[in-house]
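[1] Task: produce atomic coordinates for the following.
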Amino acid sequence: MEKRLLLSIKETVSLHRMRDPLVTVVTPSFNQGQFIRATIESVLSQNYPRIEYIVMDGGSTDETAQVVREYSSRLKFVSERDRGQSDAINKGFQVAKGEVVSWLNSDDTILPGAISHAVRAFEVNPAAGAVYGEGYLLDYDGNVTGRFPVTEPFNLWKLVHLSDYILQQTVYFRRAVLEEIGWVDQKLHYVMDWDLLIRIGKRYELVYIPEYMGCLREYGTAKTFAGGATRVAEIGEVLRRETGRWWPPGYVVYGLDAYSKIWYEAIDEFTPGLLRGVSEKVKGFLARSIAQAIGGRIHGSQGWFSDGWATTQAHFMLPPGSGELMVRGSVPEWASWLRGQSIRVDCDGRTVSELALPMGEFDISIPIKARRTGGPLRLTVLASRYFVPSQVQEGAADGRRLSYLLKSFGWR
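    Okay, the predicted model is just below:
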């Protein structure tokens with residue numbers, strides 16, 4: 001079932017419909033000469049005519065400079081020492097002439113038509129602070145291994161609390177929005193894209209494009225996959241700041257995933273050979289427990305599931321706005337246990353509506369007054385009734401508390 005969060009049109013900065021904007025792509029680079037040719041050619045082969053391409057190199061000592069100079073008439077190449085990837089990206093953005101900007105790492109690629117898709121999305125969504133799309137995963141040799149598995153339409157609560165489900169290689173930013181909310185945080189080395197998307201999403205719409213636009217290369221020494229505990233610490237820093245919670249669900253999920261590998265290695269290292277069978281059983285128990293804990297956080301923390309069902313308490317966030325909040329969904333006729341269902345909608349801790357839901361489809365409008373303070377709206381929907389499939393349907397293994405099906409939630 002398709003799920004959507006509908007967002008408001010607002011004018012924090014002077015947003016306007018773009019017409020054939022210049023698009024600047026920045027590639028931060030350091031000693032990845034074996035990949036950078038594919039990266040460059042993926043940008044220069046785009047069918048969009050107005051592209052500025054800047055390669056910001058950190059003083060590579062491999063073949064990077066030699067490769068890039070072959071394209072010197074079609075891009076700008078700067079090679080100098082920097083303070084890391086985030087610094088290189090910011091340097092590129094700050095000299096960029098484009099109204100739309102993006103960065104593409106020197107081991108990744110964009111797909112044909114990606115920039116045209118991004119420009120078109122900005123043209124039809126003048127409230128967009130950024131746009132993003134679908135993508136693929138690549139192996140070391142550049143072969144597609146599958147779809148980036150977690151991409152979905154924009155869900156601000158999930159982005160802030162749980163998951164970086166947006167593939168950075170598909171993201172394009174409105175430069176004016178970056179100038180307003182701030183550039184890439186140079187203190188961050190692993191999650192600077194997630195941090196930036198959260199900061200934009202709290203004030204502007206992030207528009208999902210259902211097109212394949214970019215590719216992430218996965219291999220053992222790639223930075224994203226080699227960060228370990230350091231990357232988890234950064235995730236904790238960002239999510240704690242943005243949620244105000246000490247244990248936000250995303251920190252638990254990414255932390256358990258990273259530390260489980262460390263724990264398994266420690267068990268192997270300190271277990272004598274004669275006890276190897278015991279250690280395998282311990283690791284198996286840990287793996288099952290960790291998988292259960294991660295799955296619970298991923299699927300249950302928001303209260304709005306991937307199949308469209310909502311539970312008795314569901315959480316949402318929307319960029320600032322006012323007007324009519326639209327809630328669309330259904331109470332299935334076959335779910336007789338839900339007859340008499342009612343919901344209460346709280347906004348920033350204050351009840352704004354209490355109403356009964358009919359059996360079948362519903363389309364509800366709830367007036368939301370403008371607030372004097374900025375920041376996103378935090379909403380909770382509380383339902384009076386639920387059923388547990390495993391308790392009422394023979395053979396069902398689903399133990400969730402299900403209250404209603406939700407199709408969309410946001411501004412009319």
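
[2] For the longest helix along the chain, buried residues please.
    Criterion DSSP state H: the longest helix present in the chain is helix 276-300. By neighbour count on 16 or more other Cβ atoms under 10 Å, the buried set for helix 276-300 is Ser279, Lys283, Ile294, Arg297, Ile298. The way it works is simple: take the backbone N, C-alpha and C, and place the C-beta from them, glycine included.

[3] OK, contacts around Trp246?
    Neighbouring residues of Trp246 by Cβ atoms under 8 Å, 6 or more residues apart in numbering: Arg240.

[4] Show me the helices in the stretch 1-150 of the chain, by range?
    33-44, 64-69, 85-95, 114-124 (DSSP state H, counting those that start in this stretch).

[5] could the ones you listed be laid out in TSV, adding mean pLDDT, distance to Tyr254 and mean neighbour count?
    Listed next are the helices of the stretch 1-150 of the chain as TSV, based on pLDDT from 0 to 100; distance: least, Cβ to Cβ, whole Å; neighbours: other Cβ atoms under 10 Å:
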stretch	mean pLDDT	distance to Tyr254	mean neighbour count
helix 33-44	97	26	19
helix 64-69	96	31	18
helix 85-95	96	19	21
helix 114-124	97	27	20
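
[6] Is it possible to get TSV of these that adds distance to Ala233?
    Listed next are those as TSV, based on distance: least, Cβ to Cβ, whole Å:
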stretch	distance to Ala233
helix 33-44	27
helix 64-69	30
helix 85-95	16
helix 114-124	32
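
[7] Which among those is found nearest to Tyr386?
    helix 114-124 (37.6 Å; Cβ to Cβ).

[8] the inter-axis angle of the closest one versus helix 33-44?
    Put simply, helix 114-124 runs at 50 degrees to helix 33-44, going by axes from the mean of the first three to the mean of the last three Cα atoms, to 10 degrees.

[9] ok, back up a step: contacts for the first helix or strand past the longest helix of the chain going along the chain, please.
    Where DSSP states H and E defines the elements, the next helix or strand beyond helix 276-300 is strand 309-310. Defining contact as Cβ under 8 Å, 6+ apart, one finds that strand 309-310 is touched by Gly303, Trp304, Gly329, Val381, Ala383, Arg400, Leu402, Ser403, Tyr404, Leu405, Leu406.

[10] With respect to pLDDT, which of those residues ranks lowest?
    Among the contacts of strand 309-310, Arg400 carries the lowest pLDDT, at 93.

[11] Can you tell me the SS state at it?
    coil (DSSP: H, G, I helix; E, B strand; the rest coil).

[12] Then Glu237?
    Under three-state DSSP, the three-state class of Glu237 is helix.

[13] That one and Leu138, how far apart?
    For Glu237, the distance to Leu138 equals 29 Å [Cβ to Cβ, to the nearest Å].

[14] Who has more neighbours out of these two?
    Taking neighbours as other Cβ atoms under 10 Å, Glu237 and Leu138 compare with Leu138 leading, 21 against 16.

[15] May I have the beta-bridge partners of the more buried one?
    Val144, Arg217 (DSSP bridges).

[16] contacting residues for the closest residue to Asp20 other than its chain neighbours?
    Once flanking residues are discounted, Asp20 sits nearest to Arg50: 6.1 Å by Cβ to Cβ, 6 or more residues apart in numbering. Taking Cβ under 8 Å, 6+ apart, we find Arg50 in contact with Asp20, Pro21, Leu22, Val23.

[17] redo that, cut-off 10 Å
    Asp20, Pro21, Leu22, Val23, Thr24, Gly98, Glu99, Val100, Ile115, Val119 (Cβ atoms under 10 Å, 6 or more residues apart in numbering).

[18] Could you list the domains of the chain?
    Taking automatic domain parsing as the criterion, the chain consists of the domains 4-222, 230-300, 309-411.

[19] where among those domains is the average confidence lowest?
    Among the domains of the chain, domain 230-300 scores lowest, with a mean of 85.

[20] Run a quick neighbour tally on the nearest residue to Ser301 once chain neighbours are set aside.
    Closest residue to Ser301 apart from its sequence neighbours, by Cβ to Cβ, 6+ apart: Pro249 at 4.0 Å. For Pro249, the neighbour count with other Cβ under 10 Å is 21.

[21] what about Pro249, distance to Leu239?
    9 Å.

[22] Quick check: neighbours shared by the two?
    Common neighbours of Pro249 and Leu239 (Cβ under 10 Å, 6+ apart) are His161, Leu162.

[23] Can you name the residues that contact Val381?
    So, once contact is read as Cβ under 10 Å, 6+ apart, Val381 ends up touching 303-304, 310-316, 327, 343-346, 353, 403-404, 406, 409.

[24] Buried ones among those?
    Looks like the contacts of Val381 have 303-304, 310-312, 314-316, 327, 343, 345-346, 353, 403-404, 406, 409 buried, using 16+ other Cβ under 10 Å.

[25] Which parts of the stretch 51-200 of the chain are strands?
    51-57, 76-79, 100-103, 109-110, 128-138, 144-147, 172-174 (DSSP state E, counting those that start in this stretch).

[26] right, and these - which one's nearest Gly395?
    strand 144-147 (31.0 Å).

[27] which outside residues touch the closest one?
    Contacts for strand 144-147 (Cβ under 10 Å, 6+ apart): Glu134, Gly135, Tyr136, Leu137, Leu138, Asp139, Leu167, Tyr212, Cys215, Arg217, Glu218.

[28] Thank you, goodbye.
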